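Peer 1: have a look; sequence and predicted model below, questions after that.
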Amino acid sequence: MLDLKQIREETDKCIELLNRRGGDFSYLREILTKDESRRAAIQKVEVLKAKKNEVSRLIGLYKREGKDVTQILSDMNSFSDEIKNLDEFVTRTDEEIKDALLNTPNLPNEFISVGKDDSDNKEIKKNSTPTTFDFPIKGHYELGEALDILDFNRAGKISGSRFVVYKGLGARLERSLIQWMMDLHANEHGYVEVIPPYIINEASMYASGQFPKFKEEAFKLYDDRNLYLNPTAEVPTINLHRDEVLDVEKLPLKYVSYTTAFRQEAGSAGRDTRGILRQHQFNKVELIKFTKPEESYDELDKMLANSERVLQLLELPYRVVELCTGDLGFSMRKTFDIEVWLPSENKYREIGSISNAEDYQARRANIKFRRANDSKLEFVHTLNGSGLAVGRTVIAIMENYQQSDGSIKIPTVLQKYMGVTEIR
RNA sequence: GGAGAAGUACCCAAGUGGCUGAAGGGGCUGGCUUGGAAAGCUAGUAGAUCGUUAACCCGGUGCAGGGGUUCAAAUCCCCUCUUCUCCGCCA
């Protein structure tokens, strides 16, 4: 959530920055008008409430002394209605303002490039050249079915489209990657391991910014408690510290969180229907940090390096792009996407995303810290990044490590987890 | 799933309608005492949030959360959540 005070003080700048995402955010001015009438009403009602408190106190006093209170009681009635009306007005405008703010995305960082969509993203790093082959290559779906490690037909029988059954060494590859990624980030990069709940309540979805905008993306449980399936580890992990004041000595807090994520992908019917690129259910290892404001961009760079390390150790070709304003996620100020080379598509595809939300999520989730004993509370900055998407890493390994006979080599770092050097 | 108990400030805890925005401890901070410390004595100690303000002050909200009754609610009523105990079931 944006800071209403900032919108008040830097109205033009806020609108201009938001407009860079595409769309018209001049409605912020209407919020400010509402806010003004809200504050005027607050001032009015607070005077009345102070008076009411005083009169109530007197009534108590008079009763104890045995004095008559009928006159004073009727005085009270004269303004209790007005208090009620004003209170209702304040509550209503408050909700309207909050509703508008909850639907307003984060300001883009002012230095990232302005653009319409992913075609305007800026490549900032490329580690190597695409894998070359001296034989006709296959897609991971063909390889997977031929090796009987990915079973789409039976997954359809069990669940429907956009699901897959991992079998044999396919299942082991998925499991090995999870294990290895968790080990890497926990042991070498200093993150604390987390396995959070996969069923999430509505408050948590709002706090991290998934709701209200992206309600249709979540799987809702048939249950009267308004519960949803986890859409990304970012949600439960950010909410670890909702409504908390973090110990400044412990910042930055670093978590590596493993979850299975569930998404409707409602808006992408017909896209990426082959294979496991876009599934309703997928595994992800996610990195989350809570930092002091002045450290968040350094920590973002470190997080990017931690994510890249996964691909470097797997020896997979990738590049890093900086998202332009039009492609930036709702809650984020700045985002790097890591894209891995997929031979079957002859292009780089997103395999991870590393973002700084600054104080946007912290304000929604009410996560603060105190610099010193006598200083005021401040919002922390929150960061999250993929460490990585496991299913897509499986794709990248299968396709980049395929051999002319349809077998797949196992990257060196995974061999001791897999117990084999290739899948055939 | 069944039965019961509980949620009060940093922690423990008293409090069944007004003199309680909250007794009493502990802790923390300061003072006295001491060569210094401990002990003892003593003073201070809602944090938060909203409004106002240059700031202080002041005012509103605030006793798990949300509604209600009342001139007045920690206290009475309703709903929800969480924790604990026992029983049942179960990986």
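Peer 2: Good, I have the coordinates. Residues are numbered from 1 along each chain as shown, chains lettered A, B, ... in the order given.

Peer 1: which helix or strand contains whichever residue of chain A sits closest to RNA strand B?
Peer 2: Closest approach of chain A to RNA strand B (CB to the nearest atom of the strand) occurs at residue A:60, with a separation of 2.9 Å. The C-beta positions use only the backbone N, C-alpha and C, and glycine is treated the same way. Per DSSP states H and E: residue A:60 is located in helix A:28-65.

Peer 1: need the next SSE after that helix, C-terminal direction.
Peer 2: As assigned by DSSP H and E, the chain's next helix or strand after helix A:28-65 is helix A:70-102.

Peer 1: do that next one and RNA strand B meet at all?
Peer 2: Yes. Judged by CB under 7 Å from any atom of the strand, helix A:70-102 comes into contact with RNA strand B at A:73, A:76-77, A:80.

Peer 1: on that earlier part again, avg pLDDT for the helix holding residue A:60?
Peer 2: Average pLDDT, helix A:28-65: 86.

Peer 1: quick check: mean pLDDT across stretch A:242-254?
Peer 2: Stretch A:242-254 shows a mean pLDDT of 87.

Peer 1: what's the answer for stretch A:125-133, then?
Peer 2: Average pLDDT, stretch A:125-133: 86.

Peer 1: mind listing what's buried in that stretch?
Peer 2: By neighbour count on 16 or more other CB atoms under 10 Å, the buried set for stretch A:125-133 is residue A:131.

Peer 1: export that stretch as CSV, just CAs?
Peer 2: The C-alpha coordinates for stretch A:125-133 follow below in CSV (Å, rounded to 0.1, in the frame of the first residue of the first chain):
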residue,chain,number,x,y,z
LYS,A,125,23.6,-9.5,-18.0
LYS,A,126,24.2,-12.6,-20.1
ASN,A,127,26.5,-15.2,-18.7
SER,A,128,27.1,-17.4,-21.7
THR,A,129,25.9,-18.4,-25.1
PRO,A,130,23.0,-20.7,-25.9
THR,A,131,23.6,-24.4,-25.9
THR,A,132,24.3,-25.8,-29.3
PHE,A,133,23.5,-29.3,-30.6
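
Peer 1: which residues in the stretch 151-300 of chain A form strands?
Peer 2: In the stretch 151-300 of chain A, the strands defined using DSSP state E, counting those that start in this stretch lie at A:165-166, A:192-194, A:199-201, A:227-229, A:244-246, A:253-262, A:281-291.

Peer 1: how about a markdown table for those, with mean neighbour count added?
Peer 2: Below are those laid out as a markdown table (neighbours: other CB atoms under 10 Å):
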| stretch | mean neighbour count |
| --- | --- |
| strand A:165-166 | 18 |
| strand A:192-194 | 15 |
| strand A:199-201 | 17 |
| strand A:227-229 | 20 |
| strand A:244-246 | 15 |
| strand A:253-262 | 21 |
| strand A:281-291 | 24 |
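
Peer 1: could you dump those into CSV and include distance to RNA strand B?
Peer 2: Listed next are these as CSV, based on distance: least, CB to the nearest atom of the strand, whole Å:
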stretch, distance to RNA strand B
strand A:165-166, 22
strand A:192-194, 17
strand A:199-201, 8
strand A:227-229, 10
strand A:244-246, 8
strand A:253-262, 16
strand A:281-291, 17
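
Peer 1: quick one: which of those is nearest residue A:128?
Peer 2: Residue A:128 lies closest, by CB to CB, to one member of the strands of the stretch 151-300 of chain A: strand A:281-291, at 22.6 Å.

Peer 1: least confident of the strands of the stretch 151-300 of chain A, on average?
Peer 2: Checking each of those, the one with the poorest mean pLDDT is strand A:244-246, at a mean of 85.

Peer 1: partner strands of it, with direction?
Peer 2: As defined by DSSP bridges, the strand partners of strand A:244-246 come to strand A:367-370 (parallel).

Peer 1: the helix or strand following the partner strand close to RNA strand B?
Peer 2: Using DSSP H and E, the helix or strand that directly follows strand A:367-370 along the chain is strand A:377-379. Yes. Using CB under 7 Å from any atom of the strand, strand A:377-379 reaches RNA strand B at residue A:377.

Peer 1: and strand A:377-379, what's buried?
Peer 2: For strand A:377-379, burial by neighbour count (16+ other CB under 10 Å) applies to residue A:379.

Peer 1: got the contact list for it?
Peer 2: A:245, A:293, A:359, A:362-363, A:367-371 (CB atoms under 8 Å, 6 or more residues apart in numbering).

Peer 1: hmm, 10 Å instead?
Peer 2: By CB atoms under 10 Å, 6 or more residues apart in numbering, the residues outside strand A:377-379 that reach it are A:3, A:245, A:248, A:292-293, A:358-371.

Peer 1: ok, and the closest non-adjacent residue to residue A:292?
Peer 2: The shortest distance from residue A:292 to any non-neighbouring residue, by CB to CB, 6 or more residues apart in numbering, is to residue A:251 (5.4 Å).

Peer 1: what sits against the one you found?
Peer 2: The contact partners of residue A:251, taken as CB under 10 Å, 6+ apart, are A:289-292, A:295, A:299, A:369, A:380-381.

Peer 1: out of those residues, which is nearest to residue A:387?
Peer 2: Nearest to residue A:387 out of the contacts of residue A:251 is residue A:289 (CB to CB; 11.5 Å).

Peer 1: count of residues packed around residue A:417?
Peer 2: As a burial measure, residue A:417 scores 17 neighbours (other CB atoms under 10 Å).
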